[in-house]
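[1] Build me a structure from this.
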Amino acid sequence: MSNETPNQHAASRSGTRHRDERPIGRFSSLKTELSLLIVIATAIAFIMAWILLKVGWSGWLAMPLTLLVALGITYLFSRGMTAPLRQIRDVAKVMADGDYTVRVDDAATARNDEIGQLARSFNEMAGELQHADQMRRDMVANVSHELRTPVSALQAMVENMADGVTEPTPANLEGILNQTHRLSDLIAFLLDLSRMEAGAASLNIESFDFADFIDETVEPLEIADAGHAHTIHMNIPQGIIMEGDQDRLRQLFTNIIGNALKHSPDGTAVLIEAREDEDNGTVVTNVVNFGSQIEPEARSDIFRRFVKGKTGPGTESGGTGLGLSISRWAAQLHGGTVKVVDDVRGADFEITLPKYH
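    Down below sits the predicted model:
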């Protein structure tokens, strides 16, 4: 059974496992170590030369031997001092080949000098690269899955109609339309995600009435929700004027309210209430999904990309898993926040936005 730490195991896989070979102690400055090395090598060379001359050695013999000993001491000391640099070089080569799991070992990171700081920073960078690479892999896999599902459904429906297996009835055509809408939504989400990653999103700031804005946002959601018998209660004070990009904010509220409707049983209600926080100059909106709750440990995860909510025990929602991530991004663009707060009534998404920019 191996007693290696994860870092040591990673380093040994790259052929870079080392122990601390420094005869000099653990100093907090590489300059101190180098200065001490010069002092020790010079002192030993001087003492050795003095002893050899005292015992009658010729200067032509004593001086070369003294220089060789001094060089040997310098090499021995410097080898331990530079070992982590060689290890970082070797690990960097392995990372350049695409393996981001390797790390500089504990002996290097335990140093207190500049090389130790470099080793720790290098390991942090390697961890970030490994995380980014895993995120990239997960995103490619998730996007492929999300695209394949509606495309496969569309292909099957169209092939059945082309072969005469099914008739192009209004119900079948509506099924095709629903799948194209799903594809369109996913593509729109991915475009927003690319803007979010690039930091290239710009805001078209304008003043608007918040109550009218919420009415306009809710209306198409009520139409799309037909057949589920949900009731949307709104408690929005009149006269709240705020500034923001209405398109981005509509994404934010559409995703949050749509999420509440999607995770509410048929025939239940969703509450949208807002208030002004005069002290902080913000508008606080709560979207409450009555009856259901989100566990505290899951409240941060649901805002991660491609994390889907549950419509029932063990059952994922049919969404893309990007809506809440896009919502949080839209809020952050405006200097606001979106979070789940404690509420005995049910799952409560609290949106805080500044009134003015």
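[2] which residues does Ala331 contact?
    Neighbouring residues of Ala331 by C-beta atoms under 8 Å, 6 or more residues apart in numbering: Leu252, Thr337, Val338, Ile351, Thr352, Leu353. For every residue, glycine as well, the C-beta is placed using N, CA and C.
[3] how does it look with 7 Å?
    The contact partners of Ala331, taken as C-beta atoms under 7 Å, 6 or more residues apart in numbering, are Leu252, Thr337, Val338, Ile351, Leu353.
[4] ditto for Lys355
    Lys355 sits next to Met242, Glu243, Gly281, Thr282, Val283 when contact means C-beta under 7 Å, 6+ apart.
[5] from these, which is closest to Asp97?
    Checking those against Asp97 by C-beta to C-beta gives Thr282 as the nearest, at 49.8 Å.
[6] picking up where we left off before, show me the contacts of Lys355 that map onto strands.
    Taking DSSP state E, the ones among the contacts of Lys355 that sit in strands are Met242, Glu243, Thr282, Val283.
[7] Need phi/psi at the closest residue to the first one other than its chain neighbours.
    It stands for Met242. Once flanking residues are discounted, Met242 sits nearest to Lys355: 4.5 Å by C-beta to C-beta, 6 or more residues apart in numbering. Backbone torsions of Lys355, given as degrees, to the nearest 10, read phi -70, psi -40.
[8] And the pLDDT at Lys355?
    We have a pLDDT of 90 for Lys355.
[9] Can you show me the helices along the stretch 151-300 of the chain?
    Ranges of helices in the stretch 151-300 of the chain, per DSSP state H, counting those that start in this stretch, are 170-198, 210-224, 246-262.
[10] and the second one with helix 246-262, angle?
    Spelled out, it's helix 210-224. If you take axes from the mean of the first three to the mean of the last three C-alpha atoms, to 10 degrees, helix 210-224 sits at 50 degrees to helix 246-262.
[11] so where's the stretch 101-250 of the chain shaky on pLDDT?
    For the stretch 101-250 of the chain, applying pLDDT under 70 flags the ranges 139, 142-143, 145-146, 189, 192-193, 195-202.
[12] Of the ones in strands among the contacts of Lys355, select the buried ones using a ChimeraX command.
    The buried residues among the ones in strands among the contacts of Lys355 can be selected in ChimeraX (16 or more other C-beta atoms under 10 Å) with this line:
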select :242,282,283
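[13] So which of the ones in strands among the contacts of Lys355 is the closest to Ile44?
    Among the ones in strands among the contacts of Lys355, Thr282 lies closest to Ile44 (C-beta to C-beta), at 70.8 Å.
[14] And this structure, what are its domain boundaries?
    Per automatic domain parsing, the structural domains of the chain span 6-131, 140-198, 206-354.
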